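Chemist: With the input below, show me the fold.
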Amino acid sequence: MWRVVIQPLLLFVTPFVLYALYLLARRRFPFVAELWTRSVVSTLTIAGLAAAVAGFIVLGLLSTRNQGAYVPAHIEDGRLAPGRFQ
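Modeler: Numbers count the residues shown, from 1 in each chain. Sure, this is the predicted structure:
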C-alpha cells in the first residue's frame with residue numbers, strides 16, 4: 001500500500017531535490033527565499049507532476065499481469081490459505 005503513495009511522491013519531489021543540489025553545487029544556500037522564485041517553483045512543480053505521471057504510465061505498462069480468476073484468502077482444513085490467482 002505504501003508503495004503506491006511513496007513512489008509518485010518521490011518522483012514528484014525529485015526536481016526540487018535536484019534544484020537544491022544544483023544550488024549547493026554553485027555554493028549558494030538553498031533555503032534562501034530569493035532563489036525560489038515563483039517561476040522556479042512552478043517549473044519544478046510541472047516537472048515533478050510530469051515525472052509522477054510518467055512513473056504511473058511506466059509502472060502500468062511494465063507491471064506483471066496475472067491471468068485467471070482471483071481466489072481470496074479462505075480457511076482450508078482449519079488453516080488460512082492465502083489468496084492466489086488460478
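Chemist: got a list of what the residue nearest to residue 84 when sequence neighbours are not counted touches?
Modeler: Among residues not flanking residue 84 along the chain, residue 71 sits closest, at 5.6 Å (C-beta to C-beta, 6 or more residues apart in numbering). Bear in mind the C-beta positions are built from the backbone N, C-alpha and C, glycine included. If a contact means C-beta atoms under 8 Å, 6 or more residues apart in numbering, then residue 71 has 83, 84, 85, 86 as its contacts.
Chemist: Distance check, residue 71 against residue 85.
Modeler: 7 Å (C-beta to C-beta, to the nearest Å).
Chemist: Tell me which stretches of the protein form helices.
Modeler: Under the criterion DSSP state H, the chain carries helices at the ranges 2-25, 38-62.
Chemist: hmm, who's touching the first one?
Modeler: To tie it back to what came earlier, the one meant is helix 2-25. 29-30, 35, 40, 44, 47-49, 51-52, 54-56, 59.
Chemist: I'd like to know which of the residues you listed are buried.
Modeler: For the contacts of helix 2-25, a burial check counting by 16 or more other C-beta atoms under 10 Å picks out 44, 47, 48, 51, 52, 55.
Chemist: Next, format the residues you listed as JSON lines and append distance to residue 2 and pLDDT.
Modeler: Below are the buried ones among the contacts of helix 2-25 laid out as JSON lines (distance: C-beta to C-beta, whole Å; pLDDT from 0 to 100):
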{"residue": "44", "distance to residue 2": "24", "pLDDT": "97"}
{"residue": "47", "distance to residue 2": "24", "pLDDT": "97"}
{"residue": "48", "distance to residue 2": "19", "pLDDT": "97"}
{"residue": "51", "distance to residue 2": "19", "pLDDT": "95"}
{"residue": "52", "distance to residue 2": "16", "pLDDT": "94"}
{"residue": "55", "distance to residue 2": "15", "pLDDT": "90"}
